[in-house]
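> I'd like to go over a predicted model; first the sequence, then the structure.
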Amino acid sequence: MKVTWNAIDAATWDTHHARMGAALQQDWAYGSCMKTLGVHVLRGWVTRGDEPVAMAQFIVRYFGGQLASMALCSMGPVWLATLTASEKKQIYRSFKKTIPLNKLRLVLFTPAEVASNDLGLSPWRRVMTGQSTVVIDISKSVDDLRAGLDRRWRLPLSHAEKSDLKIHRVGTNPGQYRWLLDAEIQQREKRGFIGLPLQFFDLYVQSRQQPSKNILTLRADIGRDRVAGMMFLIHGESATYQVGWTNEEGREQNAHHLILWQGIEELQSRGVRVLDLGGVNTIRSAGVARFKISTGGRVVTYAGSYF
């Protein structure tokens, strides 16, 4: 196995990323946006002979100038071939050994996999338990997806469809979706949520040649009043739910049920097969967790963080 660093172009990376349906955190554009925000990014490429077998994007933070560093491969590596646990273990070691950083460094991985004997990482090296998320296979037909909804989700959706709610697509110019990010700031401050820097979204749009294909923002109105909104980022055949907001009137009318449902239909039309609804925490945000889980999606608990 051979590891090379920062030697692959964006087109090659994006082709393999899309083919494997990899996570947003391993998207080239994600790394480019983080670099613009002042974070160092390293991209590792692994080959076995002429065959590419893995790739990994690391976000690097320095301490004490550049005397010490921490590199995080979030939701990666992306495996490009079928590998044994032993081969994965070898690749993890190669990444840690060859990463171009000073010796005083910590290299962390949070793989997009559940804990198993095939993980290639020792459970004794886990430093943090994994988060849970809800993943929906939206390659199914609309009828099958609807049949898979929990009754407690399907009924509010039906009520919303019969209400005065109107769903509109929002453009990709920053001024057109700024209201949603402003609302996101307020709810983060109120609820203590942590998320991507809000500048990230403008940068993500700017990094795409056709941003309308890589970002989907929907708005729910009642009359002239805006009552809810959602934003999805699209990467290959996958999409990630990133921002959601509603006011009291929107909650009463089940606006998020209708936005998410119509969002799924729109994502399907764009060739998206998998939708990640993001983290679920049944203790801290029980209502949000119920909303996501009741979509009929699959709850996935990732293996955690390893050094």
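Everything's here; your move.
> name the helices or strands packed onto the lengthiest helix in the chain?
Taking DSSP state H as the criterion, the chain has its longest helix at helix 174-191. For helix 174-191, the elements it packs on are strand 165-170, helix 199-206, strand 215-222, strand 225-235, strand 238-246, judged by 3 or more Cβ pairs under 8 Å, 6 or more residues apart in numbering; DSSP states H and E. For the C-beta atoms, the positions are set from N, CA and C on the backbone; glycine is no exception.
> Would you mark the buried spots in that helix?
177, 180-181, 183-184 (16 or more other Cβ atoms under 10 Å).
> and if you look at stretch 34-50?
34, 40-46.
> Let me see the contact set for the most far-flung residue of the chain relative to its centre.
Distance from the centre of the chain peaks at Gly223, with 32.7 Å (Cα atoms, centre = their mean). Gly223 sits next to Asp164 when contact means Cβ atoms under 8 Å, 6 or more residues apart in numbering.
> Equivalent analysis for the one 5 residues further on, please.
Applying Cβ under 8 Å, 6+ apart to Ala228 gives the contacts 219-220, 244-247, 250, 255-256, 259.
> circling back to that earlier point, and the longest helix of the chain, how far out from the chain's middle?
18 Å (Cα atoms, centre = their mean, to the nearest Å).
> again with stretch 160-172
Worked out by Cα atoms, centre = their mean, stretch 160-172 lies 24 Å from the chain centre.
> Can you pull out the residues in contact with it?
Applying Cβ under 8 Å, 6+ apart, the contact partners of stretch 160-172 are 176-177, 180, 205, 211-212, 215-223, 227, 229, 253-255, 257-259, 262, 266.
> how about stretch 262-274: buried residues?
In stretch 262-274, counting by 16+ other Cβ under 10 Å, buried: 262-264, 266-268, 272-274.
> average pLDDT for that stretch?
For stretch 262-274, mean pLDDT rounds to 96.
> thinking again about what came up before, by how many degrees do the longest helix of the chain and strand 215-222 diverge?
For helix 174-191 against strand 215-222, the angle by axes from the mean of the first three to the mean of the last three Cα atoms, to 10 degrees is 80 degrees.
> For Glu184, give me its contacts.
195, 198, 243, 245.
> these two touch, right, the second one and Arg188?
Going back to what we said before, that points to Leu198. No. Leu198 is beyond contact range of Arg188, at 9.0 Å (criterion: Cβ atoms under 8 Å).
> residues near the nearest residue to Lys89 once chain neighbours are set aside, how many?
Among residues not flanking Lys89 along the chain, Gly120 sits closest, at 4.4 Å (Cβ to Cβ, 6 or more residues apart in numbering). Residues lying near Gly120 (other Cβ atoms under 10 Å) number 23.
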